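1. Need coordinates for the below:
(one chain, ligands or ions: 1)
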Amino acid sequence: MDNKRQIAILGSTGSIGRQTLDIISEYPDRFAPFVITANTSVDLLIQQSLKYHPRYAIVADESGYEKLRCALAGTDTQVACGPQAIADVVTAPEIDTVVTAMVGYSGLAPTIRAIEAGKDIALANKETLVVAGALITEMLAASASKIYPVDSEHGAIYQCLVGERHKDVSKLILTASGGPFRTWRREDMARVTKADALRHPNWSMGAKITIDSATMMNKGFEVMEAKWLFGIDAGQIEVVVHPQSIVHSMVEFVDGSVKAQLGLPDMHLPIRYALGLPAGRLKSDCAKLRVEDYCNLTFEHPDMEKFPMLAIAYEAIKRGGNIPCALNAANEIAVAAFLHDKIGFADIPRIAERTMATIDYIASPTYDDYVATNRAARDYATTIL
Ligand code: MG
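-> Numbers count the residues shown, from 1 in each chain. Sure, this is the predicted structure:
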């Protein structure tokens, strides 16, 4: 093996996974994809394998295995299937960095295995920290593993904190685009359709995170992600709506100074930064921000009544323990049901709140407690659909 950094991309067929492969192709002397995995998109996984020649290609959904095996027979790529195979492969000694770009709770188990194996993590799966932030933080303290955020807001905060002392930080300011309903009236939110919710104004993303952005659950999750990544109390993390998505987030310091990171709304930017760490920035001839094109940057407070999921997220943080895990599970069930036209948009917070109120509270959950909470919350949320 040469001295390229070997990358495992968990979720290579999703939006972040595809863009990570773009970045790897941009720097063929620096990076190579060692493992790629998909949940169900086996055709794209085959195409990617034939193009990038990873050592392993793994599909989580076992029904896709035969197709994958036949298509890659005779190539250098080894194939496997199932969530366990994905969790096992991240410990391979050749791997330097694991990009966690899968959707939802499924990111937890392989991220834990990667931390145990001392791998660097480029974290795109924020649900890992939402569900089990305390456990992950504890594990990181005892491991050589480092987490580098891929989320654009957290990449921005990370950059603002370079060279700063933790005790000098007074506030993190997370920017939110406000999603497609920013300008809607509260009373019109009851008639939101799936097409409305899937129409994000600035960012092109997968369906699940696009709905989470429309409800602002995504921003609530990002508050939790920031709390664990940067060790900052949620009371010192503020959300500000910034419809142009040019300021990716800000940090306020004790002397009143504020630092912001700016850039075009393009996920290649935070992925490139995360993959460049810890060595440094990767030179690119990508499209650059021209500030004179954006002479009207605006900021406003989020409307917590119109976006109850944001208020519910702060409530979950306050209760702590296994409650954010229950909220994540209920949200995954509710969003999937909304995408399948089984419930309305306003039912998503209803299901989240009722599930959070029902689940048995555990103050300091173990890994098994998180697994049990996730299952119980999914079951309960499904019964109240
Ligand atoms: Mg984000």
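2. ok so V98 is a strand residue?
-> Yes. Using DSSP: H, G, I helix; E, B strand; the rest coil, the assignment for V98 is a strand.
3. show me the contacts for it.
-> Residues touching V98, when contacts are defined by Cβ atoms under 8 Å, 6 or more residues apart in numbering, comprise I7, A8, L10, V90, P110, T111, A114, K119, D120, I121, A122. (Glycine included, C-beta is placed from N, CA and C.)
4. Export these to a markdown table and append columns for neighbour count and secondary structure.
-> A markdown table is the format used below for those (neighbours: other Cβ atoms under 10 Å; DSSP: H, G, I helix; E, B strand; the rest coil):
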| residue | neighbour count | secondary structure |
| --- | --- | --- |
| I7 | 26 | strand |
| A8 | 31 | strand |
| L10 | 30 | strand |
| V90 | 25 | coil |
| P110 | 27 | helix |
| T111 | 29 | helix |
| A114 | 25 | helix |
| K119 | 22 | coil |
| D120 | 22 | strand |
| I121 | 26 | strand |
| A122 | 28 | strand |
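5. how about the residues you listed, which pair is most distant?
-> Of all pairs drawn from the contacts of V98, the one with the longest distance (Cβ to Cβ) is I7 and T111, at 14.9 Å.
6. Low-confidence ranges, this protein, go.
-> For the chain, the stretches flagged by pLDDT under 70 are 1-2.
7. residues in it within reach of the ion, list them.
-> D151, S152, E153 (Cβ under 5 Å from the ion).
8. quick one on the thing from earlier: kindly indicate which of the contacts of V98 lies nearest G17.
-> G17 lies nearest to L10 out of those, by Cβ to Cβ, at 7.8 Å.
9. what about that closest one, distance to R165?
-> Spatial separation of L10 from R165 under the definition Cβ to Cβ, to the nearest Å is 34 Å.
10. ranges for the strands of the protein?
-> Listed in chain order, the strands of the chain (DSSP state E) span 5-10, 31-38, 56-59, 78-81, 97-100, 120-123, 147-149, 169-176, 237-241, 247-253, 258-262.
11. For the last one, which helices and strands make contact with it?
-> Using 3 or more Cβ pairs under 8 Å, 6 or more residues apart in numbering; DSSP states H and E as the contact criterion, the secondary-structure elements in contact with strand 258-262 are helix 152-161, strand 247-253.
12. Can you report how many residues neighbour the closest residue to G220 other than its chain neighbours?
-> Excluding the flanking residues, the one nearest G220 by Cβ to Cβ, 6 or more residues apart in numbering is A313, at 2.3 Å. Taking other Cβ atoms under 10 Å as the criterion, the count of residues near A313 is 29.
13. can you start the count at 74 instead of 1 from here on
-> Okay, using 74 as the starting number, the last item reads as A386.
14. I'd guessed A386 sits against A403; true?
-> No. Because the distance of 11.9 Å does not satisfy Cβ atoms under 8 Å, A386 is recorded as not touching A403.
15. does P222 really touch L302, like I thought?
-> Yes. The pair formed by P222 and L302 meets the contact definition of Cβ under 8 Å, at 5.9 Å.
16. and the residue of this structure nearest the ion?
-> Distances between the chain and the ion by Cβ to the ion are smallest at D224, namely 4.2 Å.
17. So what does that residue look like in phi/psi?
-> D224 adopts backbone torsions of phi -60, psi 130, taken as degrees, to the nearest 10.
18. need the contact list for the residue lying closest to it once chain neighbours are set aside.
-> For D224, the nearest residue in space outside its immediate sequence neighbours is K199; the separation is 5.9 Å by Cβ to Cβ, 6+ apart. Counting by Cβ under 8 Å, 6+ apart, K199 makes contact with D224, F294, E295, M297, E298.
19. neighbours around the nearest residue to the fourth one once chain neighbours are set aside, how many?
-> Read that as M297. Taking Cβ to Cβ, 6+ apart, and ignoring the residues beside it in sequence, M297 has V203 as its nearest neighbour in space, at 4.8 Å. Counted with other Cβ under 10 Å, the neighbours of V203 add up to 29.
20. pretty sure V203 is touching A399, no?
-> No. Judged on Cβ under 8 Å, V203 makes no contact with A399 at a distance of 10.7 Å.
21. on that earlier part again, how about the strands of the chain, which one is nearest S122?
-> In terms of Cβ to Cβ, the element of the strands of the chain nearest to S122 is strand 129-132, at 4.4 Å.
22. So which elements touch the closest one?
-> Strand 129-132 is packed against strand 104-111, helix 115-125, helix 138-145, strand 151-154, helix 156-162, with contacts defined by 3+ Cβ pairs under 8 Å, 6+ apart.
23. Please work out which of these is packed deepest.
-> strand 104-111 (a mean of 25; mean count of other Cβ atoms under 10 Å).
24. Give me the angle between it and helix 115-125.
-> Orientation check (axes from the mean of the first three to the mean of the last three Cα atoms, to 10 degrees): strand 104-111 against helix 115-125 gives 160 degrees.
25. how about strand 104-111 as PDB, C-alpha atoms only?
-> Provided in PDB are the C-alpha atoms of strand 104-111 (Å, rounded to 0.1, in the frame of the first residue of the first chain):
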ATOM      1  CA  PHE A 104      -6.600   9.800  -0.900                       C
ATOM      2  CA  ALA A 105      -8.000   6.400  -2.000                       C
ATOM      3  CA  PRO A 106     -11.400   4.900  -1.200                       C
ATOM      4  CA  PHE A 107     -10.600   1.700   0.700                       C
ATOM      5  CA  VAL A 108     -14.200   0.800   1.600                       C
ATOM      6  CA  ILE A 109     -17.500   2.000   0.200                       C
ATOM      7  CA  THR A 110     -20.900   1.000   1.500                       C
ATOM      8  CA  ALA A 111     -24.600   1.600   0.600                       C
END
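26. Show me what it is packed up against.
-> Strand 104-111 makes packing contacts with strand 78-83, helix 88-99, helix 115-125, strand 129-132, helix 156-162 when contacts are defined by 3+ Cβ pairs under 8 Å, 6+ apart.
27. for the second one, the distance to its chain's centre please.
-> On the basis of Cα atoms, centre = their mean, to the nearest Å, helix 88-99 sits 15 Å off its chain's mean C-alpha point.
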